[in-house]
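J.: show me how the following folds:
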Amino acid sequence: MAAQFVRYTPDIEVGDPHFDENLRTVIERTESYIAESVEAGGTGRALRDAHAKGYGLVRGEVEILDGIPTEYAQGIYATPGTHDALIRFSNGSPHAGADARLGAATGLALKMFGIPGPTLLEDEPDTGTFDYANINGPVFFCNTVEHYLFIQELFLNAPAYFSRGRPGAHRFFADFVTGKGTLDQDDWAWDEFLAFLRLSKIPPVNVLLSSYWTMGAVRHGDHIAKIRITPDPHSAAAVVRRALDPTSAPEVFRPALEAELQERPYAFDIQVQLCTDLERMPVEDTTVEWPEQLSPSVTVAKLRLPQQDISGPENLEKMDALSFTPWRVTAEHAPLGDIMRARKEVYRRSSIERHKLNQQPRTEPRSADEVLGPKGA
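T.: Numbering: from 1, shown residues only. A predicted model of the protein is given here:
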């Protein structure tokens, strides 16, 4: 029996009545952290409040495949063709520094060019770009903006907790579960804490070997989906530098990525997992992994990375000047749920503040060549 995919309707989202008030507080804390990071972050520059450390800016090409089943050939995936792209690989932490201090959560931010139609960003509707901001875990450790308030504070202050050894770690975990003492015991954040523990136990591997999810749900034309960017099996098998030891050197992720791309091209599959059951594949609860047995992920496009040299310091400078947001998409791919909705204004205000403090023009590029120069140059 064929799967019955849930149709997208606006009422699948359940809004929090305190959303706007809590979002304002999140934005204020985010802007404050970015301003303080100029001196406190150790780089002399304003840092992103998440994914602060980038591992490399990579040129790519997205081929949207022909012959995709109709339910998957939605929005931008309804038109086969190729699009130039840029990829930012990063660490998920809001802090910079040696890789061993930052954990193994990594991100893949993808920017496609030449996508027709207005984006959902009112201040830049006609850029022709389309972004994903994915992380190497299928779940997220926060379900509501109210909870994000204390979880954000914990993560921004994580070095102070963990610098005290086991007592500091115990305090961090207790403050996480209890909302720093603000939650009733029946409402302790166990689901979110367990999702955090799951993400924290991801083994450190070459960033080319991880899969990357949207974590939150997105609209997929007539349907509801999560998007995964996962290694092409043949490309993954060719990777030489696989498991990494962050304690072996201050930098391990970037050198491994540089070396692999200097030696060979690489490819990822862009996949869509459609929702078939809102109870078992919820939109608002991002701590729940959508079961593949209910709805497998289907490849709709190939992300190809040509052989290239990303080793120069100018690569990091160009990467730092870019911004990525899950809301730089067309309406057919709108992010869904309160946490995803909060990211719209948080990402925008974060980008504005960071570019202002770093005295960087905040302009969206029109092509990969505009950022990296002509291919082969």
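J.: wait, Asp352 touches Pro361, no?
T.: No Asp there; residue 352 is Ile. No - Ile352 lies out of contact with Pro361 (C-beta atoms under 8 Å); the separation is 11.9 Å. All C-beta spots, glycine's among them, are computed from the backbone N, C-alpha and C.
J.: so those two - more neighbours on which side?
T.: Ile352 (15 against 6; other C-beta atoms under 10 Å).
J.: just to be sure, that one is in a strand?
T.: No - the assignment for Ile352 by DSSP: H, G, I helix; E, B strand; the rest coil gives helix, which leaves it out of any strand.
J.: which SSE is Gly60 in?
T.: According to DSSP states H and E, Gly60 maps onto strand 54-64.
J.: partners of the helix or strand just after that strand in the sheet?
T.: As assigned by DSSP H and E, the chain's next helix or strand after strand 54-64 is strand 81-91. Counting by DSSP bridges, the strands paired with strand 81-91 are strand 54-64 (antiparallel), strand 106-113 (antiparallel).
J.: buried residues in strand 81-91?
T.: For strand 81-91, the neighbour count (16 or more other C-beta atoms under 10 Å) marks 83-91 as buried.
J.: quick one: the strands in this structure?
T.: Taking DSSP state E as the test, the strands found in the chain are 54-64, 81-91, 106-113, 129-135, 212-213, 218-220, 223-231, 266-274, 298-305.
J.: how far is the last one from where the chain is centred?
T.: This means strand 298-305. 17 Å (C-alpha atoms, centre = their mean, to the nearest Å).
J.: before we move on, what about the second one?
T.: Between the centre of strand 81-91 and the centre of its chain there are 12 Å (C-alpha atoms, centre = their mean).
J.: quick one: mean pLDDT over that strand.
T.: Taken as a whole, strand 81-91 carries a mean pLDDT of 97.
J.: with the first one instead?
T.: Mean pLDDT, taken over the full extent of strand 54-64, equals 98.
J.: which residues in the chain form helices?
T.: 19-40, 145-156, 158-162, 165-178, 190-200, 233-238, 253-263, 313-320, 338-357, 368-372 (DSSP state H).
J.: now these in JSON lines, with mean pLDDT?
T.: Shown next, in JSON lines, are the helices of the chain (pLDDT from 0 to 100):
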{"stretch": "helix 19-40", "mean pLDDT": "92"}
{"stretch": "helix 145-156", "mean pLDDT": "89"}
{"stretch": "helix 158-162", "mean pLDDT": "89"}
{"stretch": "helix 165-178", "mean pLDDT": "95"}
{"stretch": "helix 190-200", "mean pLDDT": "92"}
{"stretch": "helix 233-238", "mean pLDDT": "98"}
{"stretch": "helix 253-263", "mean pLDDT": "98"}
{"stretch": "helix 313-320", "mean pLDDT": "95"}
{"stretch": "helix 338-357", "mean pLDDT": "94"}
{"stretch": "helix 368-372", "mean pLDDT": "96"}
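J.: the closest residue to Glu71 other than its chain neighbours: neighbour count?
T.: Excluding its sequence neighbours, the residue lying closest to Glu71 (C-beta to C-beta, 6 or more residues apart in numbering) is Phe5, at 5.6 Å. Neighbours of Phe5 under the rule other C-beta under 10 Å: 18.
J.: ok so, going back, the strand holding Gly60 vs strand 266-274, what angle?
T.: When axes from the mean of the first three to the mean of the last three C-alpha atoms, to 10 degrees is applied, the directions of strand 54-64 and strand 266-274 differ by 70 degrees.
J.: can you give the distance from strand 54-64 to the centre of its chain?
T.: Computed by C-alpha atoms, centre = their mean, the chain-centroid distance of strand 54-64 equals 14 Å.
J.: which parts of that strand are buried?
T.: So for strand 54-64, counting by 16+ other C-beta under 10 Å, buried means 54-62, 64.
J.: show me which of these is closest to Glu317.
T.: For these, the minimum distance to Glu317 (C-beta to C-beta) is 9.2 Å, reached by Leu57.
J.: state the distance from the closest one to Glu124.
T.: 20 Å (C-beta to C-beta, to the nearest Å).
J.: thinking again about what came up before, reformat the helices of the chain as a markdown table; add distance to Cys275.
T.: As requested, the helices of the chain are exported to a markdown table (distance: least, C-beta to C-beta, whole Å):
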| stretch | distance to Cys275 |
| --- | --- |
| helix 19-40 | 22 |
| helix 145-156 | 22 |
| helix 158-162 | 33 |
| helix 165-178 | 29 |
| helix 190-200 | 19 |
| helix 233-238 | 26 |
| helix 253-263 | 33 |
| helix 313-320 | 33 |
| helix 338-357 | 14 |
| helix 368-372 | 32 |
